[in-house]
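[1] following is a predicted model, sequence given first.
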Amino acid sequence: MPEDVLDPVIHATARLRVVATLAALAEGDELSFPKLQKVLDMTAGNLSTHLRKLEDAGYVRVTKTHVGRTPATYLALTPRGRQAFEEYTAALTSLLRGAAS
């Protein structure tokens, strides 16, 4: 199996954690930036950097809004991101099964 079967955008450890966390949400649900930051125990800057790469790939939707006068950012996987994660996990499972043979 070629190395490039695993999506390099998702394969980075931090981005894999982000995508896996967002994939656990029901389709259409969102998670606030501070909540995701707390769940993943990442700095705001590090999380922002990885979210930008995922957003640029079309995998994550970032919605910036206000709650009252306070800025708020919400995150969700796009359908493309959900599909990419499903393909990533299938490829990883296949790779691991092949390695166990």
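    Alright, I've got the coordinates. Remember, it's a predicted structure, so these values are computed and weren't measured experimentally.

[2] contacts and neighbour counts: CA atoms only from here.
    OK.

[3] longest helix anywhere in this structure?
    Determined from DSSP state H, the single longest helix within the chain is helix 79-100.

[4] could you say what helices and strands that one packs with?
    Under the contact criterion of 3 or more C-alpha pairs under 8 Å, 6 or more residues apart in numbering; DSSP states H and E, helix 79-100 touches helix 13-23.

[5] buried stuff in the helix it packs on?
    14-16, 18-23 (16 or more other C-alpha atoms under 10 Å).

[6] could you do stretch 61-76 as well?
    Using 16+ other C-alpha under 10 Å as the test for burial, stretch 61-76 gives 61-62, 74-76.

[7] and for stretch 31-50?
    Those would be 31-34, 36-37, 47, 50, for stretch 31-50 by 16+ other C-alpha under 10 Å.

[8] returning to what we had before: what about the buried residues of stretch 61-76, which are in strands?
    61-62, 74-76 (DSSP state E).

[9] touching, Gly28 and Ala76? I think so.
    Yes - when contacts are counted by C-alpha atoms under 8 Å, Gly28 is listed as touching Ala76 (7.3 Å).

[10] from the buried residues of helix 13-23, pick the one nearest Leu95.
    Leu16 (16.6 Å; C-alpha to C-alpha).

[11] sweet, I'm off.
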